[in-house]
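Enquirer: based on what follows, work out the 3D shape:
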Amino acid sequence: MRAGLAAASTFALALVAGAFLNAQGADRDRVIPGGGILVQGWTGKIDAASVRQGRMINDSKFAQDGDALHVTTGPATTFWNPANTASGDYTVKATFLEPKFMELNSHPHSYGIFIGGNSMGTDQMTLVYCVAYGDGTALVRGFGPAVFTLQPATPNPAVHKAAGVGQPVTQEIAWRVKGGRAECSINGVVITGYDKAQLVGAGKLQSTDGVYGIRFTHNVEAVITGFSMTKG
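Expert: You can find the predicted model right below:
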């Protein structure tokens with residue numbers, strides 16, 4: 001009897017493990033044809049989870065499309081231009097058009113803006129990013145250098161929802177740092193904010209001063225316009 005129970009238990013565990021692996025495999029990083037960072041001055045770093053899959057930066061595509069930036073991933077990637085730095089009080093913003101919601105993946109994936117980038121491109125890289133999903137969800141997370149989450153993926157009425165799979169959706173995302181506080185807004189509405197003491201310290205940011213740039217998870221596409229930083 002015990003042998004039979006043990007065998008049944010082992011079989012059940014195998015089924016669960018197999019289902020998990022199939023789910024993971026269904027959402028593995030894609031490889032984007034003609035990939036690479038094709039905009040002068042920009043660089044990037046893919047996530048450790050993507051490295052473990054054997055992916056590389058050229059498996060995502062970062063290109064110029066007229067006055068816009070056109071990003072298609074591939075592995076989850078942080079993109080930046082080292083010349084883009086901000087300090088003191090400032091606002092960084094951009095508009096993201098996801099042309100075909102969920103075209104590259106089986107569920108919503110995110111894109112947005114990061115600030116406070118330091119030790120960029122190294123294992124000690126620190127930054128905080130605010131991102132939106134085309135299903136009306138927002139997330140705030142960072143590298144410190146380990147991943148830390150300030151706001152888990154949460155539905156928010158400010159975040160636009162695509163009308164359906166394959167339909168376009170647009171999000172305007174901004175970080176404003178002013179008077180010792182950093183706030184993220186999406187589509188003109190502040191969705192969350194943090195005092196610098198909540199952002200800077202062990203396991204979080206080195207500073208809210210630093211490089212700013214663009215953050216994409218894996219298997220998603222967006223066209224970015226109006227990417228800019230203003231002081232004050």
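Enquirer: for the chain, what's the longest strand?
Expert: strand 220-231 (DSSP state E).
Enquirer: which neighbouring elements make contact with that strand?
Expert: strand 68-73, strand 77-86, strand 90-98, strand 110-118, strand 210-216 (3 or more Cβ pairs under 8 Å, 6 or more residues apart in numbering; DSSP states H and E). To be clear about C-beta, it is placed using only N, CA and C from the backbone, and glycine gets the same treatment.
Enquirer: what strands line up against it, and which way round?
Expert: Counting by DSSP bridges, the strands paired with strand 220-231 are strand 68-73 (antiparallel), strand 90-98 (antiparallel).
Enquirer: can you pull up the bridge partners for Glu183?
Expert: Applying DSSP bridges, one finds that Glu183 bridges with Arg176, Gly193.
Enquirer: let me know the pLDDT of Gly116.
Expert: pLDDT for Gly116: 98.
Enquirer: and what of the one 10 residues further on?
Expert: As predicted, Thr126 sits at a pLDDT of 98.
Enquirer: and for it, the neighbour number?
Expert: Neighbour count of Thr126, defined by other Cβ atoms under 10 Å: 24.
Enquirer: wait, doesn't it sit right on Pro145?
Expert: Yes - with contact defined as Cβ atoms under 8 Å, Thr126 reaches Pro145; the gap is 5.8 Å.
Enquirer: now do the shared contacts for the two.
Expert: Shared contacts of Thr126 and Pro145 (Cβ atoms under 8 Å, 6 or more residues apart in numbering): Ser119.
Enquirer: got JSON lines for the helices and strands packed on strand 220-231, with distance to Tyr194 and mean neighbour count too?
Expert: Shown next, in JSON lines, are the helices and strands packed on strand 220-231 (distance: least, Cβ to Cβ, whole Å; neighbours: other Cβ atoms under 10 Å):
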{"stretch": "strand 68-73", "distance to Tyr194": "26", "mean neighbour count": "22"}
{"stretch": "strand 77-86", "distance to Tyr194": "16", "mean neighbour count": "18"}
{"stretch": "strand 90-98", "distance to Tyr194": "15", "mean neighbour count": "21"}
{"stretch": "strand 110-118", "distance to Tyr194": "11", "mean neighbour count": "25"}
{"stretch": "strand 210-216", "distance to Tyr194": "16", "mean neighbour count": "25"}
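Enquirer: make JSON lines out of these and add distance to His160.
Expert: Putting the helices and strands packed on strand 220-231 into JSON lines (distance: least, Cβ to Cβ, whole Å) gives the following:
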{"stretch": "strand 68-73", "distance to His160": "18"}
{"stretch": "strand 77-86", "distance to His160": "22"}
{"stretch": "strand 90-98", "distance to His160": "9"}
{"stretch": "strand 110-118", "distance to His160": "13"}
{"stretch": "strand 210-216", "distance to His160": "17"}
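Enquirer: so how far is the longest strand of the chain from its chain's centroid?
Expert: 13 Å (Cα atoms, centre = their mean, to the nearest Å).
Enquirer: swap in stretch 210-230?
Expert: Distance, centroid of stretch 210-230 to centroid of chain: 9 Å (Cα atoms, centre = their mean).
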